[in-house]
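[1] Next input, structure requested:
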Amino acid sequence: MNRNLYKQSFTLSNSPDYNCPKCNIGLLRIQKDSFKKYTTFDLDELQKHPDFEPEWIEYIFNCVFECNNDRCEGKVLCTGHGSVGFDIDVDDYGQQYQEWDDYYRPLFFHPNLNLIIIPEDTPTDIKKILNQSFELFFTSPSAAANLVRIAIEGILTDQGVNLYSKKDGSKKISLHSRIEDHLPDKYQTIKEHFEAVKWLGNAGSHSGEELTANNTMDAYELIEYILSQVYAPPTNNLNRLAQNINKVKGPIKNR
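    Numbering: from 1, shown residues only. Below you'll find the model as predicted:
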């Protein structure tokens, strides 16, 4: 995943290249005339302060992003906050100067952005949990990471790993034990990936400190790999293709 894309703020003249969550092909662009911003304090009063600096200005905003793919035209509502900042630029004579602009950081998208690739064959309930995580990512990385942990619980259940003890049907097996003691042999190569997501999810649930965006992105990249190995293993697809071609001793018809 492109980490910088989801961590950076944007300006109206340089909006991020978010992928459209509807078609996953086009890029989202701010719909003309949809962007609205509001200062969180009375700007006139703020500017009367003798020590006023432009950085004191804060905004809340909302806008509509629309897909630039003519065959899609998907739309996404975005809300967030902003502030005034500056970049250092150089003029034609080599002199540096400050260029002020409004910078905006998103807090919520609806529908949510697709932050990782989820294979088509992933069970619907797991997709739903991950999309809930994506919704929370910009406002609470910790809560988002905890949902990724819940998603790997779902993957284990889907792959036949018991959630409750066979001896005592009322006793729930810990996630640690499900991974350490019950993970199927065919997934031993990604055992560490399951464990890493568990630790990040635990921190998101119990730690006194909020996880950073990078921490949660670690969890996203790990589960993206887990999903690819469980629900879209490339070797299995190629094996099946080779078997079908060998079976007919030539090209497969109707392809």
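
[2] in the stretch 51-200 of the chain, which spans are helices?
    For the stretch 51-200 of the chain, the helices defined by DSSP state H, counting those that start in this stretch cover 124-136, 141-158, 175-182, 191-206.

[3] Dead centre of this protein: give me the residue that sits there.
    Leu115 (3.0 Å; Cα atoms, centre = their mean).

[4] residues near the closest residue in space to it that isn't next to it in sequence, how many?
    Nearest residue to Leu115 in three dimensions, chain neighbours excluded: Phe134, at 4.9 Å (Cβ to Cβ, 6 or more residues apart in numbering). Bear in mind the C-beta positions are built from the backbone N, C-alpha and C, glycine included. Other residues near Phe134 number 22, with proximity taken as other Cβ atoms under 10 Å.

[5] In this protein, where is pLDDT below threshold?
    Across the chain, the ranges flagged by pLDDT under 70 are 88, 90-92, 94, 96-97, 207-208, 235-237.

[6] Okay, the residue in it sticking out farthest from the centre and Val148: tell me how far apart.
    The outermost residue of the chain, judged against the average C-alpha position, is Lys249 (43.9 Å), by Cα atoms, centre = their mean. Applying Cβ to Cβ, to the nearest Å, the value for Lys249 to Val148 is 46 Å.

[7] Could I get the contacting residues of Ala232?
    Counting by Cβ atoms under 8 Å, 6 or more residues apart in numbering, Ala232 touches 119-121.

[8] Ok, Ser165 next?
    Applying Cβ under 8 Å, 6+ apart to Ser165 gives the contacts 171-173.
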